[in-house]
Structures are given as C-alpha cells and as structure tokens.
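S.K.: structure, please.
(2 chains)
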Amino acid sequence: MFKAILRQLLYVAALILAVLVLNFLLIQLAPGDPAEVIAGEMGGANAEVMAAIREQYGLDKPVLTQLALYLGRALQGDLGTSYFYNRPVAELILSRLGPTLLLVATALAFALIIGTRLGMLASRNPRGIASALVTVLSLVGYSAPVFWTGLMLVILFGATIPLFPIAGMIDVVKQGGPLGRALDIAHHLVLPALTLGLVYLAQYSRLTRAAMLEVLGADYIRTARAKGVSERQVFGRHAFRNALLPVVTVAGMQFGTIISGAVLVETVFSWPGLGTLAFQSILARDYPTVMGILFFSTLIVIIANLLTDFISRLLDPRLAGGR
Amino acid sequence: MTEPVLDIRNLKVDFVTRRGVAHVLDDVSFSVAAGELLAIVGESGCGKSMTALSILGLIPSPPGRIVGGSILFQGRDLTRLRQSELRRIRGGDIAMIFQEPMTSLNPVFTCGEQIAEAVRLHQKVSPRAALARAVEMLRAVGIPEPELRARAYPHQLSGGMRQRVMIAMALSCEPRLLIADEPTTALDVTVQAQIFALLDELRQKTGTAIILITHDMGAVAEMADKVAVMYAGRIIERGPADAVLDNPGHPYTRGLLASIPRIDADPDADLPEIPGIVPALTDLGRGCAFAPRCALAVPACNAAQPHHVAMSRDHSAACIRLQANEVSA
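M.R.: Okay, here's the model as predicted:
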C-alpha cells in the first residue's frame, strides 16, 4: 500500500515536470512577440524600448536558458510576473482560483446529483416517457455548445424573466453580513453553473441509465429480489451503488474538460475566475500568466484524478486491493 | 403423508413475444411436504427455473404472466398475493439459491451485510443482532473463521464459499421451503458433493422442504424423495425417486437416465444421447412435444397431448404408450 502511494507520487511529480516543459515549449511555438504587446501598451514601440523590455523579462536569452530559468523558479513556487497585470503570476492565479473552483464544483455536483437521479428514473422503465425525456434532454444538452446555452439562458433569465443576475460574482451595491454575501454569490452562481452543468448532466443521465439497465440484469439483483428487498431498495441500494462506478470514473476523467468549459462560461458571464483570466492573458500575449494557468489547470486535473481513484476505491471493494 | 408445504396445481405461465405466445409452463402440478426433497430435472429451457421463479413471483413481467392455476403455500395462494405480501414471503418463508454463486452476490457489500440484510427484512432485530446471526449462519454452513468471512467481500471468496454464503443467506430466516436452482452447476465436482451434503444435512436438521432443480441424476438418486421430469414446459413424469429412476415410464426420462455416464459401462462405447434439441415453445404442435425426438413415436403422438397415466402409487407419466396399456388393461 505504502509502496503504491509512493509510486503514485513519483509519477505525479514526473508528470508535473513534463507539463511544465511542454507548456513552455508550446508557448514558444506560438506566434506573436510579447515585447511588442507590452511596448504597445506602454504607448511607444521603438527598438530601444523593445530591447529593454526583452532584457528585463529575459526574453533575449536562448530558449533553453529561458526554460532552465523558468523551471528553476517554478520549482520554488515562482511562476514569474505577469506582463499585463504586473503582479506575480502565482498570486494572480490564486486570487482567481476560488471562483473557478466554486463554479466547477457547483456545476459538477449539480450534473452528478441531478444526472444520476434522472438516469435512475429513466432506467425504471426504459421505454417509458421519463426515459424518452432523458434521451432527448441528453441529446440536446450534449450537442448544444456551452456558449450558446449560456447566451440563451442570459436572454431567458436576464431579459425575458429577469430572475438571476447575468454577469459578475458579487453585487457591489448590496450590503449585508457574510450570509448576505454568500447568498449574493449563490444568486450570481445560478446561471453560469447551470450552463456549465447542463452538458455534463446530459452525459451523466445517459450514462447512469445505461449502467443501471446493465446492473439491473445482474444475478445479484435477482438475489436481492429473492430475499424480499423492496423495488425501491433494489434500485436505490443494490443497483445504484454498482451503477455509480462508471459514472464516477467518467466524471473524474472529465474534470479537465470541465475546466476548459469553464473558460467559455466565465467569459460569457464575466465570472471573475481563471477562465476570464486565461482569455484575457491569451489576448494580451501574457505568456507567464498563460503558462501559469496551464500549469494550475493541469495540477487540478491531476488532483481530481487522484481523488477519483480514491472515491472509486471507496465505492468498489474490488479495486481496494486487500487479500 | 403430511400436509404439503407447497402445492402447485395446474400452473400455466405464458410469455408474450413478438413471435407469438409461448406456453412456458403448461399445466404444471406437484407438491412438496416438510422435510421432503423434490428434484425437478430436465434439459435447459424446459421450464425448471421458470417454475422456481413463479413460486416467488419473480418471473420477468412483461413478457411473463401467470395465466392459470394456483400455487398454494401453507394454504395461501401465492398467485393472488400482492407484491408487498409476496415480498414478506420471499427470503422469509421461501428462500432461493441460484446457480451462479460467482455473480449472485452484490460485489459492493460484505457477505455479512448481505446476510444481515435478509435477516433484517424479515425479523425485527437490531443491526448488531442481524450481523451476529449472519456469523452464526456462516458457521452453520461450514465456513471456517466466520467472523472474518462476514467482513469479506464476495470477490475475496472462492465459488464454493460464495455458494455457502448464498445458502447461509437463504437459511438465515429459517424458511419452510428452500428452492435450489442448480446450486452446483458452476462448482468443482468435490465442492458439488459438499454442497449437496450440506443441503441434505440442513434439511434433516431443520425440516425445511427443498425443491432441487438439477441436471445431476446422481444427486437425485442419492437425495431426492420425489422427482418431477419436465419437458417443454410440462411435467411429463413424476413420482417417488426410486420408482422413477428404476422404472421410468416416459421415453424422455429413459433417455435422460441412459445419458448418464456409468463407471461400469464399456469405456469405448458411445454415451447414448437424446437426438435433437428442445423445440421452441412458440411453435409447439397439438401433440406430445417430445414426439419429434422420440424413437418410439407413432403418428398418434402428434394428434393430442397425452395425459398422465398412473404407473404405481404416486408415480405417473404422460405418454401415449401408457395410455394404450391403460385402455387394454
């Protein structure tokens, strides 16, 4: 067990190093010169200023030297300074991480809880109306692009039935204690989380339905019925625990795509998270920030995968090892 | 003869399929008394398992439906009970074990939890008492270190052990009737013998009636009090085990008995087999379903369904040849 954990950690460390190098090289390949952009921002772009900027940010050194310097600093937790915001990247990202994690976690929880419920409902009668509705919903949810769904929700709840705020995370004019603030954030969270969650809700309901139908045909379900377990318990206890396994695995693996989905959703709803930051720093050719965000999202995905592994082991004793 | 625990009379089950209505069970009647072991034998697809599932009200529906007859269990007709009433009987007074011990236990719960669940469904006891009962049952079915095994998940046990867990679960509520649907098919021969011995021992100890669905004619000869031979959804011969085995009345029963390998037979001779396969239940003719495969068939076999003819006390078979004897006698 201890050996397995150690191996896992070594693997993660190697992965992080590889990601850092890859990110750096990828950015080097991208067209555009940050010095030009910075000089443009400063108001004058003559050769002298640009040379000064290059020297200041170390852009005049050979690529490999830049890489070595970057890695050395990154390993000490220093991801460089943003060209655009003029703040340390790590600090900048940490200030934006909270809102993104809140958005992603809410969307994922919403998708998982409602999606698995819907899938379970549909599996009760695979040819019934509920099942057909779930199929249609998941088809629509799956094929509609996130930004489109977002815009439609903005029109619906921002203009037609103005129930929810359509931009930002907090209302500056609103007063109130910590509770009022939390409620305000929750209110702002509804539309972005719904937008991001719908895609995954569609997938999870479909996946749960399929998994449930497979599990319900298993011998141990017949055993449960034969010992007098009620249909409710057969579904909710005996079948659902088993059907949940593939759903959890897929949800964990999709954590990365959810974060990239968050970039779009945050942009549509001006949610002050990593997504908007990523969008702005790409436009501004703010390479240190872009690399930092890539690094952090990789880190989040790695952590999510470790967590998924852990949860799967909790759910499925066959994965837990042991005798 | 004591009052039967289970008395099935003229049970009919239909499956409505796209290719027509299949009479999965047709006019099935038998009874089993306390402490008695009834063996139901026959080829795959002849309706043995369906008989067992209809007793528990577990035939898949749709497409299955009980269309006639009665299942009297301790005087109550199970075909007329609501699902909620049946549920109290399932696992309580009537328990069942299945042929696939490898897949019949839920992989995400421990063996102890699964037995304790059965106990708590039928008895008002605390979770702790139910778990204690589970351990006690595991010990009763001969599982070493029962406390440890109760905490084990099914995948940590061998097939034979899992079947013992299934038996422990089935017996945990002291059922009046135990249905064992080919309990040893998936197990090693030595383990098979152990499981059969266990069932026999428990029957003698607790007086539970047992319906044993099996292919194993050896086990039938050794343990069964009564035998019912099924073919294409009907019982074609039934009677006391010795009578049926020593003096089979139906050509199909004779075929089944002849196809058992014998230790004293000529090792070079081919094992006799019954030619052909069980017919599809959707296109049975009016006559005897076995006629197309029967070496002794005559044209009259296809005309009408033969009825049961008594051969001796409690022993009867449904074959036209016996009917002819009956008329001449």
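
S.K.: next, count neighbours for B:A289.
M.R.: B:A289: 23 surrounding residues under other C-beta atoms under 10 Å in any protein chain shown. C-beta coordinates here come from the backbone N, C-alpha and C atoms, glycine included.

S.K.: I'd say A:G77 and A:P88 touch.
M.R.: No: A:G77 is beyond contact range of A:P88, at 9.7 Å (criterion: C-beta atoms under 8 Å).

S.K.: tell me who's in contact with the one residue in the stretch 151-300 of chain B that gets nearest to chain A.
M.R.: At 4.1 Å from chain A, B:Y153 is the closest residue in the stretch 151-300 of chain B, using C-beta to the nearest C-beta. By C-beta atoms under 8 Å, 6 or more residues apart in numbering or on different chains, B:Y153 lies in contact with A:P317, A:R318, B:P107, B:V108, B:F109, B:T110, B:C111.

S.K.: tell me the SS of B:D14?
M.R.: Assigned by DSSP: H, G, I helix; E, B strand; the rest coil, the conformation of B:D14 is strand.

S.K.: how close does it sit to B:L58?
M.R.: Distance from B:D14 to B:L58, counting by C-beta to C-beta, to the nearest Å: 16 Å.

S.K.: using TSV, lay out the contacts of B:Y153 together with neighbour count and distance to A:G180.
M.R.: TSV is the format used below for those (neighbours: other C-beta atoms under 10 Å in any protein chain shown; distance: C-beta to C-beta, whole Å):
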residue	neighbour count	distance to A:G180
A:P317	18	45
A:R318	16	48
B:P107	16	48
B:V108	19	43
B:F109	21	45
B:T110	20	47
B:C111	29	52
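
S.K.: spatially nearest residue to the closest residue to chain A within the stretch 51-200 of chain B (excluding sequence neighbours)?
M.R.: Proximity of the stretch 51-200 of chain B to chain A (C-beta to the nearest C-beta) peaks at B:G91, 3.3 Å away. Counting by C-beta to C-beta, 6 or more residues apart in numbering or on different chains, B:G91 lies nearest to A:K227, which is 3.3 Å off, once chain neighbours are set aside.

S.K.: repeat for B:T184
M.R.: B:T184 sits nearest to B:Q192 (C-beta to C-beta, 6+ apart), 3.9 Å away.

S.K.: list the contacts for whichever residue of the stretch 101-250 of chain A sits closest to chain B?
M.R.: Among all residues of the stretch 101-250 of chain A, A:K227 sits closest to chain B, at 3.3 Å; criterion: C-beta to the nearest C-beta. By C-beta under 8 Å, 6+ apart, the contact set of A:K227 is B:R90, B:G91, B:A95, B:E117, B:A118, B:L121, B:M169, B:A170.

S.K.: can you map out the helices along the chain?
M.R.: Picking chain A for this. Counting by DSSP state H, chain A has these helices, from start to end: A:2-29, A:34-42, A:47-56, A:63-75, A:89-124, A:129-143, A:146-154, A:178-216, A:219-226, A:231-233, A:240-253, A:255-269, A:274-283, A:287-315.

S.K.: that's the wrong chain, I meant chain B
M.R.: Using DSSP H, the helices of chain B run over B:48-55, B:83-89, B:111-122, B:127-140, B:146-150, B:159-171, B:189-206, B:217-223, B:241-246, B:251-258, B:320-328.

S.K.: so which of those is nearest A:V250?
M.R.: A:V250 sits nearest to helix B:111-122 of all the helices of chain B, at 27.1 Å, using C-beta to C-beta.

S.K.: show me what the closest one is packed against.
M.R.: helix B:127-140, helix B:146-150, helix B:159-171 (3 or more C-beta pairs under 8 Å, 6 or more residues apart in numbering or on different chains; DSSP states H and E).

S.K.: run through who's touching that helix.
M.R.: A:227-229, B:88, B:91-92, B:105-106, B:109, B:125, B:127, B:130-131, B:133-135, B:137-138, B:149-154, B:157, B:165, B:168-170, B:172-173.

S.K.: ok, and the closest non-adjacent residue to A:D171?
M.R.: Using C-beta to C-beta, 6+ apart, the closest residue to A:D171 is A:D184 (5.5 Å).

S.K.: neighbours around that neighbour, how many?
M.R.: 18.

S.K.: now do the same contact list for the nearest residue to B:D314 once chain neighbours are set aside.
M.R.: Nearest residue to B:D314, sequence neighbours excluded (C-beta to C-beta, 6+ apart): B:G239, at 5.3 Å. Contact partners of B:G239, counting by C-beta under 8 Å, 6+ apart, are B:K226, B:V227, B:M311, B:S312, B:D314, B:H315, B:S316, B:A317.

S.K.: redo these as TSV? Include pLDDT.
M.R.: Shown next, in TSV, are the contacts of B:G239 (pLDDT from 0 to 100):
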residue	pLDDT
B:K226	92
B:V227	92
B:M311	85
B:S312	86
B:D314	87
B:H315	90
B:S316	88
B:A317	87
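
S.K.: where's B:R80 relative to B:H122, distance?
M.R.: B:R80 is 21 Å from B:H122, by C-beta to C-beta.

S.K.: who's more crowded, those two?
M.R.: For the pair B:R80 and B:H122, the greater number of neighbours falls to B:H122 (21 against 10), based on other C-beta under 10 Å.

S.K.: ok so, going back, which among the contacts of helix B:111-122 end up buried?
M.R.: A:227-229, B:91-92, B:105-106, B:109, B:130-131, B:133-135, B:137-138, B:149-150, B:152-154, B:157, B:165, B:168-170, B:172-173 (16 or more other C-beta atoms under 10 Å in any protein chain shown).

S.K.: pLDDT value on A:N242, please?
M.R.: You'll see A:N242 listed with a pLDDT of 90.

S.K.: ok, now B:S328?
M.R.: The per-residue pLDDT reported for B:S328 equals 47.

S.K.: and if you look at B:V41?
M.R.: For B:V41, the model assigns a pLDDT of 90.

S.K.: and B:S61, by the same measure?
M.R.: 75.

S.K.: wait, what's in contact with the closest residue in space to A:R181 that isn't next to it in sequence?
M.R.: Once flanking residues are discounted, A:R181 sits nearest to A:I170: 7.0 Å by C-beta to C-beta, 6+ apart. A:I170 sits next to A:R181, A:D184, A:I185, A:H188 when contact means C-beta under 8 Å, 6+ apart.

S.K.: identify the farthest-apart pair in the residues you listed.
M.R.: A:R181 and A:H188, at 10.8 Å, using C-beta to C-beta across these.

S.K.: ok, these two, which is more surrounded?
M.R.: Taking other C-beta under 10 Å, A:R181 and A:H188 do not tie; A:H188 has more neighbours (22 against 14).
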